[in-house]
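In: Need coordinates for the below:
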Amino acid sequence: MTIEQRIGIIVGNGWLGSAIASAAVAAGAVDPARLTVSGRSDLSTFPDLPGVHRTNSNDELVERSDVVILSVGPAQFADVRIGAAGKLVVSVMAGIPAARIAERTGAAQVVRAIPNAAAAIRRSFTPWFATAPVSASGKTLVQALFKACGEAAEVPDEGHIDYCVGMTGSGAAFPALLAEAMIAHAVADGLPRDFAERAAKGVVAGASQLLAQPGADAARVVREMIDYRGTTAAALLAMRERGFDEAVAAGLAAASEKAAAMSKA
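Out: As a prediction, the model looks like this:
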């Protein structure tokens, strides 16, 4: 689907804003000529996408856009002053509730979405929530926009978005944490660092693609490996006995709590 509406990304030269813009253009979802990006700093840092309009004025961006994407940090949202009445406003900020976004921007139609760093390679899983005034066509647009960044799914409750700040928003960093722990253990056991890094990346980035196959089920994979009673079972059981599941749960809860704290700041 090609989005016909004009899209504006506030802080479009930030890592997430530029990732969304680049993915949408690469997927053919957005015509660069219908895309405007703004930023406070040097806009030459924005990816080279011929035809995209660049501006340092958020007011100009809103005037040129039908859809305004807020790609600012939650802490900077208080500094955003725009009048977006009649526009569809899409926030990719963690923790800022839709009601506050509507109040600050004047927009009745507000969507909250949580893409992650994998949007840069069009592999983000992006959950999104739409407030009641968002039209069916608006929802179709949002789905097309974030599908261009990987995979996207609407959730029925705004609270699900706050939970997903940890699960899908922060989750892109979890494989890196696992790889780092594996590398550290291998090096401590005497393996060369360059070999340990290649091996860990191969396991985390390569073997994890098994879960991307149609019909793949994480619980079934784990159960089958444990039932086999081999070396993989020994590893999985040892990790669980030492609190692997509890550590993951604590991480997800901490991210959600941080998002809740941001919403009250």
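In: Between the two ends of stretch 72-84, how far is it?
Out: End-to-end span of stretch 72-84 (C-alpha to C-alpha, to the nearest Å): 16 Å.
In: Show the average pLDDT along that stretch.
Out: For stretch 72-84, mean pLDDT is 91.
In: Low-confidence stretches in the chain?
Out: Residue ranges of the chain with pLDDT under 70: 263-265.
In: so where do the helices sit in it?
Out: For the chain, applying DSSP state H gives helices covering 15-26, 58-64, 98-105, 136-147, 158-164, 174-188, 193-201, 218-228, 231-241, 244-264.
In: Of those helices, which is nearest residue 118?
Out: helix 15-26 (8.7 Å; C-beta to C-beta). Glycine gets a C-beta too; all of them are placed from N, C-alpha and C.
In: buried sites along that closest one?
Out: Neighbour counts over helix 15-26 (16 or more other C-beta atoms under 10 Å) mark 16, 17, 18, 19, 20, 21, 22, 23, 24, 25 as buried.
In: can you tell me which of those residues lies nearest to residue 205?
Out: For these, the nearest to residue 205 is residue 19 (18.2 Å; C-beta to C-beta).
In: Surely the closest one is in contact with residue 120?
Out: Yes: assessed by C-beta atoms under 8 Å, residue 19 is found in contact with residue 120 at 4.1 Å.
In: Can you name the residues that contact the residue sitting nearest the centre point of the chain?
Out: In the chain, the C-alpha nearest the mean C-alpha coordinate belongs to residue 115, at 1.7 Å (C-alpha atoms, centre = their mean). By C-beta atoms under 8 Å, 6 or more residues apart in numbering, the contact set of residue 115 is 16, 19, 20, 92, 124, 126, 146, 149, 150, 169.
In: likewise residue 230?
Out: No residues are in contact with residue 230 under the rule C-beta under 8 Å, 6+ apart.
In: quick one: it and residue 151, what's the gap?
Out: 33 Å (C-beta to C-beta, to the nearest Å).
In: With residue 250 instead?
Out: Residue 250 is 26 Å from residue 151, by C-beta to C-beta.
In: Between those two, point out the one with more neighbours.
Out: residue 151 (15 against 11; other C-beta atoms under 10 Å).
In: quick one on the thing from earlier: tabulate the contacts of residue 115 (JSON lines), appending distance to residue 39.
Out: Below are the contacts of residue 115 laid out as JSON lines (distance: C-beta to C-beta, whole Å):
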{"residue": "16", "distance to residue 39": "12"}
{"residue": "19", "distance to residue 39": "14"}
{"residue": "20", "distance to residue 39": "14"}
{"residue": "92", "distance to residue 39": "15"}
{"residue": "124", "distance to residue 39": "21"}
{"residue": "126", "distance to residue 39": "22"}
{"residue": "146", "distance to residue 39": "21"}
{"residue": "149", "distance to residue 39": "19"}
{"residue": "150", "distance to residue 39": "24"}
{"residue": "169", "distance to residue 39": "22"}
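In: Nearest to residue 139 among the residues you listed?
Out: The closest of these, once distances to residue 139 are taken by C-beta to C-beta, is residue 146, at 11.1 Å.
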